[in-house]
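> Sequence below, structure please.
(chains A and B)
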There are 2 protein chains.
Amino acid sequence: MAKTKTHADALTAREVDYSAWYNELVEVAALAEHSAVRGCMVIRPYGYAIWENIQRALDERIKATGHSNAYFPLFIPKSFLQKEANHVDGFAMECAVVTHSRLKKAPDGTLVPDPDSALAEELIVRPTSETIIGESFARWVKSYRDLPLLINQWANVVRWEMRTRLFLRTMEFLWQEGHTVHADYEDAERETRQMLEVYRELAEEVLAIPVIVGKKTEREKFAGAMHTYCIEAMMQDRKALQAGTSHNLGQNFARGFGITYQSKDQVETLAWTTSWGVSTRLIGGVIMTHSDDQGLVLPPAIAPVHVVVIPIRCAKPEERAAVEAYLAPLLEKLKARAFAGRAIAVQVDWSDARPGAKHFEWEKRGVPVRVEVGPRDMEQGKLVYALRTGGEKTTTTRDAFADEVLDVLARVQRGLLERARAFRDEHTRDLDDRAAFDAFFTPKNPEKPELHGGFVRGGWCGDAGCEAAVKEALKVTIRCIPLDAPAFAGACVACGQPSAAGLPRVVWAKSY
Amino acid sequence: MAKTKTHADALTAREVDYSAWYNELVEVAALAEHSAVRGCMVIRPYGYAIWENIQRALDERIKATGHSNAYFPLFIPKSFLQKEANHVDGFAMECAVVTHSRLKKAPDGTLVPDPDSALAEELIVRPTSETIIGESFARWVKSYRDLPLLINQWANVVRWEMRTRLFLRTMEFLWQEGHTVHADYEDAERETRQMLEVYRELAEEVLAIPVIVGKKTEREKFAGAMHTYCIEAMMQDRKALQAGTSHNLGQNFARGFGITYQSKDQVETLAWTTSWGVSTRLIGGVIMTHSDDQGLVLPPAIAPVHVVVIPIRCAKPEERAAVEAYLAPLLEKLKARAFAGRAIAVQVDWSDARPGAKHFEWEKRGVPVRVEVGPRDMEQGKLVYALRTGGEKTTTTRDAFADEVLDVLARVQRGLLERARAFRDEHTRDLDDRAAFDAFFTPKNPEKPELHGGFVRGGWCGDAGCEAAVKEALKVTIRCIPLDAPAFAGACVACGQPSAAGLPRVVWAKSY
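Residues are numbered from 1 along each chain as shown, chains lettered A, B, ... in the order given. I've put the predicted structure just below:
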């Protein structure tokens, strides 16, 4: 296991430097690191275990809604990107371009691309797979009997980002991308909304991240979509994080790739498609929603370790043997219990560090429950536990603990969601006045600009020009038009013109 | 679900054209297809479900032996490949080379790589990750306390193959690659052999593929390894398939990337590394080991569907309702039972095809158990089942079936391994004479060259030149030097010189 800093190296406080806090946390919790390849990250074992738990929870839900996993090529022929006009502008420009299939040794001994191996058509490393999957779907779909076609892919994708940040924005990232084909608009729309609801449930029930469910404006929608839905979360620096998107692609890609089907009436008919995805960015969202100045805080549903046991005295072999014997029945019982569909994962820290150092180490890693077992506890058949989320230490019996822990984990899971929701609500304003809007989004202390603002629910005239002007002036964008919110009859908070007919207050915020 | 051919389109028989049989089977069983990108495959949902089952079985075993999953970058800086001299010759030459990070529109409207975005150093799409992972390991390993470092990665890799074949050899494929660091040779060797044993168990107990466990010759070992172990299987055309490899990399990569640790005596010491991998090639091995002229045959341990139920009469709504009511308690019972760690997966075929057509469809897909339920069966509380692997139909009661099926699946699983082992033994010869050797590897009918030969256990002088000459003459190579086989005192089957001291009979064969 790689080293992490000891507790002597405390994290920078969020209030002092939020970005530094985030970067240090990712390092000391052993989640990820920058690689030698600019913009690409290494996901370390502890970070990857969190991703595996997110994957498992989501994969179950994707399959339960009737989708099958499949796998499509990493490479996309350049010409494919041009088959959907908006898509190419959104994705083709910043990407990894494969131009050669061979290296050769130059006279000076270095390797150079062999000019004789130049590809007839360059290949793009997939930034998203609508095009390469569309090409298969055009062959797979023949009749209305083949619809809906419901496919998902777990894969890596590459977007040539210039400013990267671990988990939040990296050149390569891991994700799932769903791709489906439907007979008509209504069925495609039903699918798009269903997967949006799956994402909301994943965010709130598994990750304990409260989200606003809404629709993107035309300006912010996916390149090539008819419309895009999203879930938006508030981080602790009060910026928004787009945590997942679900796109009704209309007939745009079906037209580009010739995805047609023969209807019941034997009419060749253009199909409708959707796509939807979430990525390793969710780990960044988990970190920034729950963690504190002591380190990572993890919702139990995705924690690689639920319970860490710190023996107070185990240096000598006979001491360790006594603790092992004392713990054996407890470990057996815990393994047989499951939280959120996974067996309770327990780790006993037998390292030769001092109990205090172990405490700080596991605190940084966000393990929800810490158990201490000392010689006196063992005499009395007891143990002491404390929660990563705080509160008093609790003394209980060894034999009662296994029954208590499921309740404890459920309480922690629920508590994290409630705390995050309260934080979000505290930093959300209904504003109708541009001056108040500007003040809300202006740092109070220009030298520490990070923690300010939040979400504004405000009117919008519906004009993309107005939206662009606000972005230019304040870096504030419309994160989404909330679903199931009442229409708003007031004025646009940005320009004072009447709010567009039928629109609710929309959510304005700075964002990642 | 995409269409497959109906039974009217029977497969080409293996005896007639083995390659055509394989290609047709992959298509009609809906496993995979060629994509628009030369050499890259699309793994279709049914094929991917098999891969998920293989992954699950292997991932459990990788974790049970103490390894953690992690994720490293897709791209490797060109210069990294040169840090291990043999590795660069083996892998750097045929590869996907990324040279630009942007496309731009040319005056004629087409997209071209933007010259301004040429990379200072080209990136290679990973063909294998020893180098990029070595760079991280050099940072992670500091002290003997960090060893052994036991990491695995599930990933896609790219090798620029000119002649590709679905699953067996494709430009992009999916695999796992284990990478570990150890304090000394002995520990690295113990790990290398342990993972070889994990692969043997996976092949034989999960995939029902009997394998020979052995060591590669110097000529056939991994580029950069100290030595390579492998598992080798015999396909039904009697060619060998290398199904998995485990490499003791010695100190070659540790030296190239500076992976050192401070020993207990505080001496900075060069570490030892290993790597090991299996890939989607295993699916090709499963197909070619078990399947027949009717289609795919799957070992139950990896079958996406264990039991298919074909209702004989279900076209009218009231007929279907009656069958549903009859099946409900059976489906409930089956779901609660597990084979090889997975709940029994049952599919009821409600399509409007005729029972005979359904039969042929599921036969092609290799579902181990086919259940038929007709009106008379329902009156009598019975059902009829048949196995994909043949034999008489069996009539049993609906209520007894759920208990019987676990035994049935276990018998099928065992039977496939036994049948494959008998086939391999039948086509394995101990030969000592070059004329007999040449005759064995020469097609009897030059117009139908595919089915001939097999494995020869023969002496080898130990000379790489002799090995090369046999390959040149017959396309026959030494697949492995079997482990735990007695030393052979005779002559080299190829050249007649004495067999190398201590070597057993080695395995000679043509191969994929």
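
> Give the buried residues for the strand or helix carrying residue A:22.
For residue A:22, the enclosing helix or strand under DSSP states H and E is helix A:18-28. Buried residues in helix A:18-28, counted by 16 or more other Cβ atoms under 10 Å in any protein chain shown: A:18, A:21-28. (Glycine included, C-beta is placed from N, CA and C.)

> Next: stretch A:122-141.
Buried, per 16+ other Cβ under 10 Å, within stretch A:122-141: A:122-138, A:140-141.

> again with stretch A:310-330
Buried residues in stretch A:310-330, defined by neighbour count with 16+ other Cβ under 10 Å: A:310-312, A:314, A:322-323, A:326-327, A:330.

> what sits against residue A:207?
Residues counted as contacts of residue A:207 (Cβ atoms under 8 Å, 6 or more residues apart in numbering or on different chains) are A:54, A:282, A:285-286, A:289, A:299, A:301-302.

> Just the residues contacting the helix or strand where residue A:347 lies, thanks.
Applying DSSP H and E as the criterion places residue A:347 in strand A:346-348. Contact with strand A:346-348 is made by A:305-309, A:311, A:327, A:331, A:334-335, A:367, as judged by Cβ under 8 Å, 6+ apart.

> do the same with stretch A:373-383
Residues outside stretch A:373-383 that contact it (Cβ under 8 Å, 6+ apart): A:309-313, A:322-323, A:326-327, A:330, A:371-372, A:384, A:395-399, A:401.

> Narrow these to those in helices?
Here DSSP state H is the test, and the contacts of stretch A:373-383 give A:322-323, A:326-327, A:330, A:398-399, A:401 as lying in helices.

> Specify which member of those residues is nearest to chain B.
residue A:327 (19.8 Å; Cβ to the nearest Cβ).

> Just the pLDDT for the closest one.
Per-residue pLDDT puts residue A:327 at 97.

> isn't it right next to residue A:309, touching?
Yes - if you go by Cβ atoms under 8 Å, residue A:327 and residue A:309 touch, sitting 6.5 Å apart.

> Now stretch A:50-62: buried residues?
Applying 16+ other Cβ under 10 Å to stretch A:50-62 flags A:50-51, A:53-55, A:57-59, A:61-62 as buried.

> and the end-to-end length of stretch A:233-245?
End-to-end distance for stretch A:233-245: 12 Å, by Cα to Cα, to the nearest Å.

> Now do residue A:435: how many residues are near it, please.
8 (other Cβ atoms under 10 Å in any protein chain shown).

> ugh, typo on my part, it should be residue A:64
Neighbours around residue A:64, by other Cβ under 10 Å: 9.

> Quick check on it: phi, psi?
Dihedral angles of residue A:64 (phi, psi; degrees, to the nearest 10) stand at phi -60, psi -20.

> rewinding a little: list the buried residues of the strand holding residue A:347.
Quick answer for strand A:346-348 (16+ other Cβ under 10 Å): A:346, A:348.

> Indicate each strand paired with that strand and its parallel or antiparallel sense.
strand A:307-311 (parallel) (DSSP bridges).

> Give me the mean pLDDT for the partner strand.
97.
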